[in-house]
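>>> Okay, structure incoming, though there's no sequence with it:
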């Protein structure tokens, strides 16, 4: 390879304006056998760090102990640029309001260098340290908004609008607008390997909102903001640490190049490779050929999926990537071997009509063994639970028997119950397609959804004519069971009751479901229907038979658990983000969100259909925004339109549209909350990324099971976050792979649950305290005498205080909340409802000035009207987020029960509690969660009452904690988590740190006069 003379490092070079940048040059042979990566440093091309994998590296590694040859002059000049850049950046970053753009820092850097600053030099530094340096163009208006707001004074005037300082976002994304944006961008430089350590523990002076139990009016001068200060010693330490990283990178490059046969010039290699790292303005690709190749390669993979790289080869490429720093934890990779299909035969073969319809809609010729086993048992009149893997075809088990019943008697009815409306609608579409293919003999069969969205004018027709109803427990409780006379035709002809996703029914919700099924069985028996059969499907759970027996009150249930469906090999990986600085673990780990974003982009760019599961909505929105920004920066607009986010809160129309796009293959990736954890069919998926350990092991396995349908290999990666629970699994990965499923908890002796359902059952059909014990247990007579009204014939009716509709007095889920509409009122657009949000979340997410993200777009709250339950947003372009400063107090106001704690002088109490919630301001944060500014809000506290229990801490425990110098609030907080682990999912705890995280001292708050709790 011909050597290229290096230009003087200080020669002035104008900023690149687009594709005119120097073309990419290939480095020697190191790129011949693998695809070049956009962000790959030259060090990785000629000297890869030894990885914990079996992949054979292409370049001979060099012993780090080898003496380093003298540095070429080019590297010495580059070191001077790096040191000047490092010094100026460190001092600028100590002032949070000053953005480290090249324009802001250029004069200081050039005064240190005594020469002009060349952007090519910074690109070479980025090439050497790709995971340390960020060097990109960003929109000037986003940074400008930060500067305006940091200087803005909040006045307590009624007509003040904080959003005046913010720019309007572009309303469309055509090429001309991209070019216009490109002309108004600034070049940002950042070190992203850690933060300076502040000389103080907090950014805020005390506001002491508790002192008067009221929120003080907003200050016009933001006096509660105190920017952090940094000592010269800490700044010098950070500068020296970064200088050492540069020296190590140069040494590694020189040694690696010297080890080649023949040796190659490290300066030439660095200059050639740095072309990939020259920043590019929006819409102006730095390397059109590479981008074009990537797009063509993706299109080829989509048209010929059989030629797509295997999952194993993609994993190997991840491990060889420059960003890989042993993220796969030791013992954190398992392979589930492929499983061949096992088929079975029906004792009573399907008719030719059903056989043809099954093949036409699902391309099924033979049934899997578990499907045949379940259908054969149903043919004998029994009850069945199918507990097999996700995507194993469980829906066939409850579709075919119902169609067989309709072939014999078109008056037959089926009740299909799903935990969510979306899942019910999805399954209804699947059965409707099957019935359509059955031909004219099924023309009169009526399949309908019956939920809260069903128009009232259609409900009578459904009651009188429907054969198969898809519904949810709420409608069964509130509408169907209380109106037995109106639904009598349906109950009399009911053949099958299907309860899908049975594992969802646990805790308090599961207890309610148990009594709903008993009420349903009781009504069917009363109208003369003694042959109803029950079918349940579930993910793998402990004791599925016992769980189904408990839910339905049945004595005999047949279990089908031998999965006959085929599966491809599945790779399971536990991925732990590396430390920001391995030499300084106190800096913490890299963001799990950023790690997930990078993996997601890598997978979809290789044609791997991927879903990401996020625990909370905010993570979902932050990730889709970051993904789209990075794709635009890489000039991959072809992928931007093929990724979407999905979560509750979106309108039903938008969710259905996203589901259809995923099912049809239009989307390559989807970022979702657990709203897609259940079995909604969104087509074939190849990979699942789980961002943070979900709430349960069963949830993790349910998510992992969404990939790998139809005998294809698949990948499941759990990306851990920094929480202690996640890091525990990094140290004990076997517990994720080998632990048994946790037991499902149900409480059928809960007096409130039992009493509420007895009132409902007595309203449906008067209760006989002896005969109805088969449904409600041996304690029924005592319950009836205590809570119901007996007539002269000995039957019991609901208590008058529950009239006229007892079901409306009993909520089977968490309390229903009022929803607020989120409306886009951006200038130049028609107002549009974006989504809905629960009232309990409005005050924390929709306060005036809050940044709100929807489908990756950034909005700011400009108004909140509680009377009309409308929150108004306007799209903006900003580079920061907001976080509420909130205060929550729980105070017992009435003790209803009290019980002594064994071996203690303290008591456990139950009673009425008052909840006081206040958002008294908010923080403005950059992307690394650094506090940029603080604002106060003149909001009124939200007062609520609820029932709860509390524990008084014994004085002896407090004395012991102080004796051993254990921080009392921290110890109490840990005890709260212990209670959370013991409690069911339905129980809420006041699990917040005792101290305000933005308070400078724990003494800011007044001491409580009540006992410690």
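Structure's in. What do you need? If you're wondering where the values come from, they're calculated on a predicted model, not measured in any experiment.
>>> And residue 391, its phi and psi?
The phi/psi pair for residue 391 (degrees, to the nearest 10) reads phi 70, psi 30.
>>> Distance of it relative to residue 684?
Per Cβ to Cβ, to the nearest Å, residue 391 is found 9 Å from residue 684. To be clear about C-beta, it is placed using only N, CA and C from the backbone, and glycine gets the same treatment.
>>> Quick check: phi and psi at the residue lying farthest from the centre of the chain.
In terms of distance from the mean C-alpha position of the chain, residue 792 ranks first, at 57.6 Å (Cα atoms, centre = their mean). Torsion angles at residue 792 (phi, psi; degrees, to the nearest 10) stand at phi -70, psi -10.
>>> What are the buried residues along the helix ranked longest in the chain?
Longest helix of the chain, by residue count under DSSP state H: helix 232-258. The neighbour-count check on helix 232-258 (16 or more other Cβ atoms under 10 Å) flags 234-235, 238-239, 242, 245-246, 249-257 as buried.
>>> Is residue 620 in contact with residue 674, as I believe?
No: look at residue 620 against residue 674 with Cβ atoms under 8 Å: they stay out of range, at 10.2 Å.
>>> Those two: who's more crowded?
Ranked by neighbour count (other Cβ atoms under 10 Å), residue 620 and residue 674 place residue 620 first, with 26 against 17.
>>> Would you confirm that that one belongs to a helix?
Yes: membership of residue 620 in a helix is supported by DSSP: H, G, I helix; E, B strand; the rest coil.
>>> pLDDT below threshold where in the protein?
Low-confidence segments of the chain, defined by pLDDT under 70, span residues 1-66, 96-97, 142-183, 197-229, 282-292, 679, 709-710, 814-816, 983-1013.
>>> Break it into its domains for me.
1-26+38-48+60-156+185-199+232-284, 299-334+567-738, 343-560, 751-809, 888-916+942-1013 (automatic domain parsing).
>>> Contacts only, for the residue nearest the centre of the chain.
Note on the chain: the residue nearest the mean C-alpha position is residue 614, at 1.1 Å, using Cα atoms, centre = their mean. Residue 614 makes contact with 620, 623, 671-673, 691-692, according to Cβ atoms under 8 Å, 6 or more residues apart in numbering.
>>> Let's see that with 7 Å instead.
Residues near residue 614 by Cβ atoms under 7 Å, 6 or more residues apart in numbering: 620, 623, 671, 673, 691.
>>> ok, and the closest non-adjacent residue to it?
Among residues not flanking residue 614 along the chain, residue 620 sits closest, at 4.3 Å (Cβ to Cβ, 6 or more residues apart in numbering).
>>> Against residue 629, how distant is the one you found?
15 Å.
>>> One more: residue 469?
Look at residue 469 and residue 629: by Cβ to Cβ, they are 45 Å apart.
>>> Compare those two and say which is more crowded by neighbours.
A direct count of neighbours by other Cβ under 10 Å for residue 469 and residue 629 places residue 469 higher, at 27 against 15.
>>> and the closest residue to the more buried one other than its chain neighbours, how many neighbours does it have?
Leaving aside its sequence neighbours, residue 469 sits nearest to residue 450 (Cβ to Cβ, 6+ apart; 4.9 Å). Using other Cβ under 10 Å, residue 450 has 23 other residues around it.
>>> picking that back up, identify the residues contacting the residue nearest to residue 614.
614, 645, 647, 671-673.
>>> got it, and residue 587?
Shown in contact with residue 587 (Cβ under 7 Å, 6+ apart): 194-195, 579-581.
>>> and which of the residues you listed is nearest residue 600?
residue 580 (20.8 Å; Cβ to Cβ).
>>> what's around the closest one, how many residues?
Residues lying near residue 580 (other Cβ under 10 Å) number 20.
>>> measure the residue nearest to it when sequence neighbours are not counted to residue 505 for me?
In space, and not counting its chain neighbours, residue 580 is closest to residue 587: 4.1 Å by Cβ to Cβ, 6+ apart. Counting by Cβ to Cβ, the gap from residue 587 to residue 505 is 44 Å.
>>> sorry, back to before: so the helix or strand following the longest helix of the chain versus helix 232-258, what angle?
Using DSSP states H and E, the helix or strand that directly follows helix 232-258 along the chain is helix 266-273. Comparing the axes of helix 266-273 and helix 232-258 via axes from the mean of the first three to the mean of the last three Cα atoms, to 10 degrees yields an angle of 100 degrees.
>>> Which elements pack onto helix 266-273?
Applying 3 or more Cβ pairs under 7 Å, 6 or more residues apart in numbering; DSSP states H and E, one finds that helix 266-273 contacts helix 42-46, helix 119-128, helix 232-258.
>>> Try it again at 6 Å.
helix 42-46, helix 232-258 (3 or more Cβ pairs under 6 Å, 6 or more residues apart in numbering; DSSP states H and E).
>>> Which one of those lies nearest to residue 559?
It's helix 42-46; of these, that one is closest to residue 559 (Cβ to Cβ) at 52.5 Å.
>>> which is the next helix or strand following the closest one?
Counting by DSSP H and E, the next helix or strand C-terminal to helix 42-46 is helix 73-93.
>>> in whatever helix or strand comes next after that next one, what's buried?
Scanning forward in sequence from helix 73-93 by DSSP H and E, the next helix or strand is helix 102-113. Of the residues in helix 102-113, 102, 104-105, 108-110, 112-113 count as buried by neighbour count, 16+ other Cβ under 10 Å.
>>> Can you check what angle separates helix 102-113 from helix 73-93?
120 degrees.
>>> got a list of contacts for helix 102-113?
With contacts defined as Cβ atoms under 6 Å, 6 or more residues apart in numbering, helix 102-113 is touched by 84-85, 88, 116-117, 187, 189.
>>> do the same with stretch 513-533
Residues from elsewhere that reach stretch 513-533, judged by Cβ under 6 Å, 6+ apart: 383, 473, 476-477, 481, 484, 488, 491-492, 494, 496-497, 505, 551-553, 748, 757, 761, 765, 775.
>>> same deal with stretch 536-546?
Applying Cβ under 6 Å, 6+ apart, the set of residues contacting stretch 536-546 is 385-387, 394, 499-500, 502-503, 548, 557, 559, 702, 741, 743.
>>> could you show me where the strands are in the stretch 501-650 of the chain, in order?
Taking DSSP state E, counting those that start in this stretch to define them, one finds strands in the stretch 501-650 of the chain at 533-538, 558-560, 570-575, 610-614, 643-646.
>>> Single out the most deeply packed of those strands.
strand 610-614 (a mean of 26; mean count of other Cβ atoms under 10 Å).
>>> So what's the gap between that strand and the chain middle?
With Cα atoms, centre = their mean, to the nearest Å as the basis, strand 610-614 stands 7 Å off its chain's centre.
>>> With stretch 665-685 instead?
Taking mean C-alpha positions (Cα atoms, centre = their mean), stretch 665-685 and its chain are 12 Å apart.
>>> ditto for stretch 719-731
Worked out by Cα atoms, centre = their mean, stretch 719-731 lies 16 Å from the chain centre.
>>> same check, this time on stretch 230-241
37 Å.
>>> Equivalent analysis for stretch 336-350, please.
With Cα atoms, centre = their mean, you get 35 Å for stretch 336-350.
>>> got the buried residues for it?
Within stretch 336-350, the residues scored as buried using 16+ other Cβ under 10 Å are 336, 339, 344, 350.
>>> how close does the second one sit to residue 563?
Just to be clear, that refers to residue 339. Noted for residue 339: a distance of 7 Å to residue 563, by Cβ to Cβ.
>>> Likewise for the first one?
For residue 336, the distance to residue 563 (Cβ to Cβ) stands at 12 Å.
>>> same thing with residue 493?
33 Å.
>>> Tell me which of those two has more neighbours.
Higher neighbour count among residue 493 and residue 563: residue 563, with 21 against 17, using other Cβ under 10 Å.
>>> List phi and psi for the nearest residue to the more buried one once chain neighbours are set aside.
Using Cβ to Cβ, 6+ apart and skipping residues adjacent in sequence, the residue nearest residue 563 is residue 388, 4.1 Å away. Backbone torsions of residue 388, given as degrees, to the nearest 10, read phi -130, psi -180.
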